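Q: Below are the sequence and a predicted model for it; my questions follow.
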Amino acid sequence: MDGLTAEALRHLEKALACDPNHIPSLIALSNTYLKQREFTKVRGLLEEALTSRQDQGEVFFLKAKLHHLQDDNEDASKAIEQAIKLDDGQSKYYKLASEIAKKRKQSHERQFFLERLIDLEPLDGEAHYELGKLLHHPDDFDRTKLLLEISIDLLPQDTQPLYSLAQHLYAGEKSLPDGTVSIQSDSDYAKRLLTKLLSLDPSESKAKLLLAKIELKGDSMQAAESLYNEAFKDGATKGEAAFRLGLIWEERGNKKKSMRFYRAAMKFEDWQAFGEFRLGLLFLEDGKFRNAEEHFRHSLTAFETKASALMKSKELHLEELHFHESRKELEALQLVRKCAGEASFGIYKCNYDSRFDEKVRKHLEMALKLYPHYSEANHEQGLLFLASEDFENANKRFVKSVENDWNHWPSHLELGKIAKDSEEWQKAEMHFKIVLDLDPKNKTASRFLAELPQTLPG
């Protein structure tokens, strides 16, 4: 503490000693002690002030600040509520109240405080931005868009509102009058915002990732690759950038490069499971079953960890009545389970020669448990039922397979065979013709179709 500050404190202490109700001195002295984190001294000053009078909002405001700085947000909430009750026209009260509500995870309270703060301070760009970020529901699409646009105007050098609005527009989740949610992504507007953001801060890698997704959506793979390569240089975004680059090179047919990027993605916790999974698929495609199984097994462990975290987050959102956020976590959880199901089926395929072994078969059962709509796994389960002459359950599996993927011709072929054996000629003809539509050179379907009676009944 410098000499001038010490001298000022002595004068303020003397002023309070002469007049304990001198609020300006109390405020100045308490704020100074708060900055110095002299919490015991502040508590003493406030307790003494409150013994004589409790009609000053500023005293309760100071008390709220004290508790908030000490992470006692329940008592802070009570104090700021009292301050607002005594004087509801102070914008700083609502600003602090919103911060306390955020710490307490009381989003509805926080929304009210931010709305009141904006009423009192219409040019507070940060308040507009915070309220815009808080409103996630598709019902609030237009309001969120407006709040973020206002915050961009009021905070011209701040890149965060630009990024948040670009995210909002790209997601495009908007409620319709009938209560359903429509995806109306405005990629052009989002792209303009991200371009402006990068002109202000060329190092903002999160913006590069989002802009790359937009470029890919517009079939500009080269532009997307360039952005991902830039994001790959930033440790904060390197994991996702590596995974996306792996997908790009895999699509181009360059397995060596795609594997290199997947291995880079695996070094990051959020992307380890997906990197391991894609490597497993590539090794399986090359017939390197031992390598593939190893990566599939590692991916399953990582997917299990991700699923557990998503489940906890989903339940927490439900407890806080954040239904939209809970639904988004559920969607992410479904993707994780889908990939885990495919990984488990990958282990089954790596050991296909031993598929009748119970230890191997359990991986197929797990695949269907994790991903019940997996057409290829349902088809394989159907084949196992056929091998044990359980034709009824085999038929159910093949039907489920084509229900989930009408283009899965191997299941149509099996359904055609079952119908043929049951002399259901029209059904058999339909499935064999579907096979030939999907795979015109399929000799098996052509042969079975030729064996059907020339004149079908009906």
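A: Yep, that arrived.
Q: where exactly do the helices run in the stretch 51-200 of the chain?
A: Under the criterion DSSP state H, counting those that start in this stretch, helices of the stretch 51-200 of the chain are mapped to 57-69, 73-86, 91-103, 107-120, 125-134, 141-154, 160-171, 187-200.
Q: could the ones you listed be laid out in TSV, adding mean pLDDT and mean neighbour count?
A: No exception for glycine: its C-beta is placed from N, CA and C like everyone else's. Listed next are the helices of the stretch 51-200 of the chain as TSV, based on pLDDT from 0 to 100; neighbours: other CB atoms under 10 Å:
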stretch	mean pLDDT	mean neighbour count
helix 57-69	90	22
helix 73-86	95	19
helix 91-103	96	21
helix 107-120	96	18
helix 125-134	96	22
helix 141-154	97	19
helix 160-171	96	22
helix 187-200	97	18
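Q: Output stretch 296-303 as CSV, nothing but the C-alphas.
A: These are the backbone C-alpha positions of stretch 296-303, laid out as CSV (Å, rounded to 0.1, in the frame of the first residue of the first chain):
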residue,chain,number,x,y,z
PHE,A,296,-11.7,-50.3,-31.7
ARG,A,297,-11.1,-51.4,-28.1
HIS,A,298,-9.4,-48.2,-27.1
SER,A,299,-12.2,-46.2,-28.7
LEU,A,300,-14.8,-48.1,-26.7
THR,A,301,-13.1,-47.2,-23.5
ALA,A,302,-12.9,-43.5,-24.5
PHE,A,303,-16.5,-43.5,-25.8
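Q: I'd like the helices of the stretch 51-200 of the chain as JSON lines, with distance to D178 appended.
A: Written out in JSON lines, the entries for these read as follows (distance: least, CB to CB, whole Å):
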{"stretch": "helix 57-69", "distance to D178": "44"}
{"stretch": "helix 73-86", "distance to D178": "39"}
{"stretch": "helix 91-103", "distance to D178": "33"}
{"stretch": "helix 107-120", "distance to D178": "25"}
{"stretch": "helix 125-134", "distance to D178": "26"}
{"stretch": "helix 141-154", "distance to D178": "15"}
{"stretch": "helix 160-171", "distance to D178": "20"}
{"stretch": "helix 187-200", "distance to D178": "25"}
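Q: And the ones you listed: which comes nearest L245?
A: When the helices of the stretch 51-200 of the chain are compared for distance to L245 using CB to CB, the nearest one is helix 187-200, at 18.9 Å.
Q: now for the closest one, which elements pack on it?
A: Under the contact definition 3 or more CB pairs under 8 Å, 6 or more residues apart in numbering; DSSP states H and E, helix 187-200 sits against helix 160-171, helix 205-217.
Q: hey, C-alpha coordinates of that helix in PDB?
A: Extracted as PDB, the C-alpha positions of helix 187-200 are listed here (Å, rounded to 0.1, in the frame of the first residue of the first chain):
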ATOM      1  CA  SER A 187     -24.500 -19.700 -43.500                       C
ATOM      2  CA  ASP A 188     -24.000 -16.600 -45.600                       C
ATOM      3  CA  TYR A 189     -24.600 -14.200 -42.700                       C
ATOM      4  CA  ALA A 190     -22.600 -16.400 -40.400                       C
ATOM      5  CA  LYS A 191     -19.700 -16.400 -42.900                       C
ATOM      6  CA  ARG A 192     -19.700 -12.600 -43.100                       C
ATOM      7  CA  LEU A 193     -19.600 -12.300 -39.300                       C
ATOM      8  CA  LEU A 194     -16.700 -14.800 -39.000                       C
ATOM      9  CA  THR A 195     -14.800 -13.000 -41.800                       C
ATOM     10  CA  LYS A 196     -15.200  -9.700 -39.900                       C
ATOM     11  CA  LEU A 197     -14.100 -11.400 -36.700                       C
ATOM     12  CA  LEU A 198     -10.900 -12.800 -38.300                       C
ATOM     13  CA  SER A 199     -10.100  -9.300 -39.700                       C
ATOM     14  CA  LEU A 200     -10.200  -8.100 -36.100                       C
END
